[in-house]
Every structure is written in structure tokens, then in C-alpha cells.
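A.B. asks: Turn this into a model:
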Amino acid sequence: MDIVEKRIQLSRSTLHITMDRFNKRVRVEDYLGHFQDCVEESLKAADNISAEKIIFKARTENVLDLLSKGFLYEGSIDKFFLGSDCHFLVKYTQDQRRASSHWIKEDEILENVQKLPTKVELEAPPSTYIGRKAEEIDAVKLAELYGKVFEIYPTPMNEPEYVRKCMNSGTVFYIYEHDGVIVSAASAEINDFYRNAEITDCATLPDHRQYGLMKHLIEKLESHLVSHDIYCIYSIARALSFGMNAALHQQGYYYRGRLANNCFIFDKLEDMNLWVKNYT
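C.D. replies: Take a look at the predicted model:
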């Protein structure tokens, strides 16, 4: 997979961009300086890799500027930038990338998810399930889990070396084991500078999904994050997954938008729902 993070220094501005050839997108993670230069550079970067989608993580004061340039508003994350909101504005370069064939079904899933009660007390899983923080030695078993659950994934989580790289860069994993096999896992990708974290890499083997393991893992990750002064927590879930969206809703996350045809995951290019929880 060809996913490269770049820092681009211009005469009047600086950008931090993810060049994602695999998912055919460019994502502006952060920017400083002359905003128009930042926009123009993001479009050049997209053209360089024939990206079909440009995603701008924008501050509130730049939303109207992006709308005036033909960007579309898709979602937000509360308090992302050290207490200031982040807005996801996007531009498509291909008609087929803009059109979603599952949007109405995803609306129905969301509506049914939001009818569920929130903050339900969790029942402990059977004693044969051992939950703990993962260590680097678990990388091989974690990669095996992701390889079994996802036919396609936006990042190479089925490769042990990539899992180790994530751990060494500060990503925290929590897991459940059953008979020595990792059957469920989730991670928190932490941004130390802006004090936020993404709950991601959520996977449970089908035969072990009846015990609410993912809800417990999310709770464990939240406790870890709050104890390390991370108070803005968010997650991006497959819009077609009732179970994952329900887990986030029932854990007190709020829906904040949908990213159309955002990445290749599971077995195709999929829309992703934004969910946010804030402890401030």
C-alpha cells in the first residue's frame, strides 16, 4: 500500500498532507499560514497522484473559504484542535466517487441505531475472555485477526511490521483473548499535540460477537485516554455496519456526519460515519 505522510513547506504556508494512493485520496491533516496557498497546494497534490477525493480538516474560520472553492461539507469533530472544532470539507474529481449507492440504506441504519438506549450498563463477558492492553509481542496475532476480519482494509493492519510501527508511534491497542487467541481488538491513534484520539482498528471474530467485547474495549481505551489527558475522542465507522455504529452510540458518542466513498474497507469502497465523544 502506498500511503505517505508529507510536510510541505511553501513560502507563505506549511501543510501536513497524507498522500493515499491506495484509497485514491489526499487528506490535509493540518496547515498554517496563507490559506489560499494551502488550498492550491492540496489540489496540486491530488492531481499528482490522480486522487479522486481531497479531504480538508479545516478550522471553523476557513469553512466558508472552502465552500466558495467548491468544497462540500461532510462532517465535524468537536474540540479537535485543542478545544476548537474540526470540519471535514471535501472535493471530488470523479462523478462516480461522489455518488453513493447505499446512502438511503445507511440513513435507515443510522435511524435505527439512534433509537437504541445509551450508556447501558455493560455485562461482563464470560471469564474465559481475557481483556488487556496489547504489547509489541502481540503484533503477529493482531495482524492475523485483522487479516481474518477484513478482506480489504485502508491500512496494512494484516502485516505484523505495520502493527509494530503503529505501536511504536504511540497507538495504543486493547485486546480480548480466548484460549490464547486474540478474538477482538481496538486501538486509539493519539495526537499528542492537539490532545485528541481516534478509536480505530475495531475488529471481532464473528464467533465471538455476542458478548459485547467491542463496547468493553472502547471503554478500556477511553479510560486510558482520559488518564493521559486526552479528552476529544472520535471514531469513523462503516456506515453499513449496524453493530459498530450501535456500539459507539450506546457508549455515548454523537453522530457528526458521513464521509462518502471515503476508503476501501471490508470488501469495497465505503461511506464512513463520524462519531464524537468529548470529556471537556
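A.B. asks: start to end distance for stretch 98-116?
C.D. replies: Start-to-end span of stretch 98-116 (Cα to Cα, to the nearest Å) is 30 Å.
A.B. asks: How about stretch 147-161?
C.D. replies: Counting by Cα to Cα, you get 14 Å between the two ends of stretch 147-161.
A.B. asks: which parts of it are buried?
C.D. replies: 149-150, 153-160 (16 or more other Cβ atoms under 10 Å). For every residue, glycine as well, the C-beta is placed using N, CA and C.
A.B. asks: now that stretch, how far from the centre of its chain.
C.D. replies: Centroid separation for stretch 147-161 versus its chain: 15 Å, with Cα atoms, centre = their mean, to the nearest Å.
A.B. asks: likewise stretch 215-225?
C.D. replies: Centroid separation for stretch 215-225 versus its chain: 16 Å, with Cα atoms, centre = their mean.
A.B. asks: so where does residue 175 fall, helix or strand?
C.D. replies: Following DSSP states H and E, one finds residue 175 within strand 172-178.
A.B. asks: my bad, should have said residue 226
C.D. replies: helix 213-227.
A.B. asks: just checking, what packs against the very next helix or strand once past that helix?
C.D. replies: Heading C-terminal from helix 213-227, the first helix or strand you meet, by DSSP H and E, is strand 232-238. If you count contacts as 3 or more Cβ pairs under 8 Å, 6 or more residues apart in numbering; DSSP states H and E, strand 232-238 packs onto strand 72-81, strand 196-204, helix 242-250, strand 254-265, strand 268-278.
A.B. asks: Dihedrals phi and psi, residue 156?
C.D. replies: Dihedral pair for residue 156: phi -80, psi 60, per degrees, to the nearest 10.
A.B. asks: Just the local confidence number for the closest residue to it other than its chain neighbours, please.
C.D. replies: Using Cβ to Cβ, 6 or more residues apart in numbering and skipping the chain neighbours, the partner closest in space to residue 156 is residue 162 (4.6 Å). If you check residue 162, the pLDDT there is 96.
A.B. asks: Report the buried residues of stretch 206-218.
C.D. replies: Judged by neighbour count (16+ other Cβ under 10 Å), stretch 206-218 contains these buried residues: 208, 211-218.
A.B. asks: Using JSON lines, lay out those residues together with pLDDT and distance to residue 277.
C.D. replies: Compiled in JSON lines, the buried residues of stretch 206-218 are given as follows (pLDDT from 0 to 100; distance: Cβ to Cβ, whole Å):
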{"residue": "208", "pLDDT": "97", "distance to residue 277": "25"}
{"residue": "211", "pLDDT": "95", "distance to residue 277": "22"}
{"residue": "212", "pLDDT": "94", "distance to residue 277": "17"}
{"residue": "213", "pLDDT": "97", "distance to residue 277": "19"}
{"residue": "214", "pLDDT": "96", "distance to residue 277": "15"}
{"residue": "215", "pLDDT": "95", "distance to residue 277": "13"}
{"residue": "216", "pLDDT": "96", "distance to residue 277": "16"}
{"residue": "217", "pLDDT": "97", "distance to residue 277": "14"}
{"residue": "218", "pLDDT": "97", "distance to residue 277": "9"}
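A.B. asks: circling back to that earlier point, right, so the helices and strands packed on strand 232-238: which one is the most enclosed?
C.D. replies: Greatest average neighbour count among those goes to strand 196-204 (a mean of 23), per mean count of other Cβ atoms under 10 Å.
A.B. asks: where does the chain dip in pLDDT?
C.D. replies: Residue ranges of the chain with pLDDT under 70: 1.
A.B. asks: quick one: what helix or strand has residue 29 in it?
C.D. replies: Assessed by DSSP H and E, residue 29 sits inside strand 25-33.
A.B. asks: and the next element down the chain from that strand?
C.D. replies: Strand 25-33 is succeeded, C-terminally, by helix 35-48 (DSSP H and E).
A.B. asks: Identify all contacting residues around that following helix.
C.D. replies: 6, 8, 10-13, 15, 17, 19, 25-26, 28, 31, 51, 53-54, 56, 62, 65-66, 69, 91, 93 (Cβ atoms under 8 Å, 6 or more residues apart in numbering).
A.B. asks: List only buried entries from those residues.
C.D. replies: 8, 13, 15, 17, 19, 25-26, 28, 31, 51, 53-54, 56, 62, 65-66, 91, 93.
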